[in-house]
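Enquirer: just to be clear, the model below is a prediction. Sequence and coordinates:
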Amino acid sequence: MILHPTRLLFYSTLILGTLIAISSSSWLGAWVGLEINLLSFIPLMSDKTNQFSTEAALKYFLTQALASAILIFGAVCLGLSTQFGSSYHFNSSTLNILISATLLLKMGAAPFHFWFPGVMEGLNWINGLILMTWQKIAPLMLVSYVFNPSLISFGFIFMCALAGGLGGFNQTSLRKIMAYSSINHLGWMLAATLLGASYWITYFLFYSFLSSCVVLLFNLFNLSHINQVFSLPVSNPVFKMALFCNLLSLGGLPPFLGFLPKWIIIQGMVAAGYNFMITIMVLLTLIALYFYMRIGYSAFMLAHHETKWIVAPFSSSLAQSLTITSLTLSLFGLLLCSSVILIL
């Protein structure tokens, strides 16, 4: 239960760990914040009703412990090379790449994403949402300090966009689809770190909002697989409209709100001269958009059987308000934001 006193304690230390990591002035302080964050999230992953939660917690702990060990090693080496200079033969650019790779492993970015879909599969929707959004704040903030325009950085961005697009092709689990979607969006956020903090923070806020809308709708109807989406009651056309508009918005289809952060990044990348890179990213995002459209098109267009005993929670005021709000923002958010920008 989310309001249990123990869980409230761990949620508090989870937030505290992230705040320590992003406000620290040294790599040691950032490492301490990441460790507090890690040790707070693992107890929250336990769920008696989910038999895979223990396996997910173990995978997450081992991966994060490995990343933390490499991070503190890289930070110590970087400190020694800075303090003692040539007496320690450490190349600062190599250490920056090592620290960047470690932080990418912590956030589940490609090519270090091997653990992320498996851990997502073992979590409930609320913990999965935390893993996709809040748990990425500290590593993204730290990686923005050491990420600079280079061939290796562009390689990481390209692999995130490619793995996020191709990975969701043959998935039937909604949790894994959301995991690969998160990996694809990480490629855009890493590209945004090359442009400045305001770019990636803006993109992250939009991504977190849209992911929250989709995940809360999945959680409301207790959906886990694509075939459950197909058998949703047709008596709830507004819910279906809200769900699929949010999915297409998360994919970045132009009429929806999710296109706005991609539009901002595209303009920034073109202004910075990264024309080839942004072209590749847009093309790979179209691949990721395919598996969103596959869910929506099949559920809307194909005939399906509807069971008589499905009791839809749409009659509740919470479900109605959440659905109507998310649908309105997804449909008209881009228009409203564009109007505000024009006025200003």
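Expert: Arrived safely. Numbers count the residues shown, from 1 in each chain.
Enquirer: who are the neighbours of the lengthiest helix in the chain, in terms of helices and strands?
Expert: The helix spanning the most residues in the chain, taking DSSP state H as the definition, is helix 53-84. Secondary-structure packing of helix 53-84 (3 or more CB pairs under 8 Å, 6 or more residues apart in numbering; DSSP states H and E): helix 27-45, helix 92-107, helix 116-121. Bear in mind the C-beta positions are built from the backbone N, C-alpha and C, glycine included.
Enquirer: tilt between it and helix 92-107?
Expert: Angle, helix 53-84 to helix 92-107, by axes from the mean of the first three to the mean of the last three CA atoms, to 10 degrees: 160 degrees.
Enquirer: buried residues in helix 53-84, which are they?
Expert: If you call a residue buried by 16 or more other CB atoms under 10 Å, then helix 53-84 has these buried ones: 53, 56-57, 59-61, 63-64, 67-68, 70-72, 74-75, 77-79, 81.
Enquirer: cool, stretch 142-154 as well?
Expert: Residues of stretch 142-154 classed as buried by neighbour count (16+ other CB under 10 Å): 142-144, 146-147, 153-154.
Enquirer: need the contact partners of it.
Expert: With contacts defined as CB atoms under 8 Å, 6 or more residues apart in numbering, stretch 142-154 is touched by 21-22, 30, 96-97, 99-100, 103-104, 107, 190, 193-194, 197, 200, 274, 277.
Enquirer: pull the CA atoms of that stretch into PDB?
Expert: C-alpha atoms of stretch 142-154 as PDB (Å, rounded to 0.1, in the frame of the first residue of the first chain):
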ATOM      1  CA  LEU A 142      25.400  14.000 -13.900                       C
ATOM      2  CA  VAL A 143      25.900  12.800 -17.500                       C
ATOM      3  CA  SER A 144      25.200  16.300 -18.800                       C
ATOM      4  CA  TYR A 145      28.400  17.400 -17.000                       C
ATOM      5  CA  VAL A 146      30.700  15.100 -18.900                       C
ATOM      6  CA  PHE A 147      28.800  14.500 -22.200                       C
ATOM      7  CA  ASN A 148      30.300  16.600 -25.000                       C
ATOM      8  CA  PRO A 149      30.000  16.500 -28.800                       C
ATOM      9  CA  SER A 150      32.100  13.600 -30.000                       C
ATOM     10  CA  LEU A 151      31.900  10.500 -32.100                       C
ATOM     11  CA  ILE A 152      31.300   8.300 -29.100                       C
ATOM     12  CA  SER A 153      28.500  10.500 -27.700                       C
ATOM     13  CA  PHE A 154      26.800  10.400 -31.100                       C
END
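Enquirer: now it: how far from the chain's centre is it?
Expert: 19 Å (CA atoms, centre = their mean, to the nearest Å).
Enquirer: which residues does T82 contact?
Expert: S92.
Enquirer: poorly predicted segments of this structure, please.
Expert: Within the chain, the segments meeting pLDDT under 70 span 1-3, 84-90, 232-236, 298-320, 338-344.
Enquirer: kindly recompute the last result at 50.
Expert: 1, 87, 313-314, 344 (pLDDT under 50).
Enquirer: just the buried ones from the contacts of stretch 142-154?
Expert: Buried, going by 16+ other CB under 10 Å: 21, 30, 96-97, 99-100, 103-104, 107, 190, 193-194, 200, 274, 277, out of these.
Enquirer: okay, I152 and N96: tell me how far apart.
Expert: For I152, the distance to N96 equals 10 Å [CB to CB, to the nearest Å].
Enquirer: check F112 too.
Expert: From F112 to N96 the distance is 16 Å (CB to CB).
Enquirer: also R294?
Expert: Distance, R294 to N96, by CB to CB: 39 Å.
Enquirer: name the nearest residue to A272, ignoring sequence neighbours.
Expert: Leaving aside its chain neighbours, A272 sits nearest to L195 (6.2 Å; criterion: CB to CB, 6 or more residues apart in numbering).
Enquirer: what count of nearby residues applies to that neighbour?
Expert: The number of residues packed near L195 is 19, by other CB atoms under 10 Å.
Enquirer: isn't there a helix covering it?
Expert: No. According to DSSP: H, G, I helix; E, B strand; the rest coil, L195 belongs to no helix; its state is coil.
Enquirer: now distance to I265 too, for the helices and strands packed on helix 53-84, in JSON lines please.
Expert: Below are the helices and strands packed on helix 53-84 laid out as JSON lines (distance: least, CB to CB, whole Å):
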{"stretch": "helix 27-45", "distance to I265": "25"}
{"stretch": "helix 92-107", "distance to I265": "18"}
{"stretch": "helix 116-121", "distance to I265": "22"}
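Enquirer: ok, and which of those has the densest surroundings?
Expert: helix 116-121 (a mean of 22; mean count of other CB atoms under 10 Å).
Enquirer: which of the buried ones among the contacts of stretch 142-154 lies closest to L39?
Expert: Checking the buried ones among the contacts of stretch 142-154 against L39 by CB to CB gives A21 as the nearest, at 12.9 Å.
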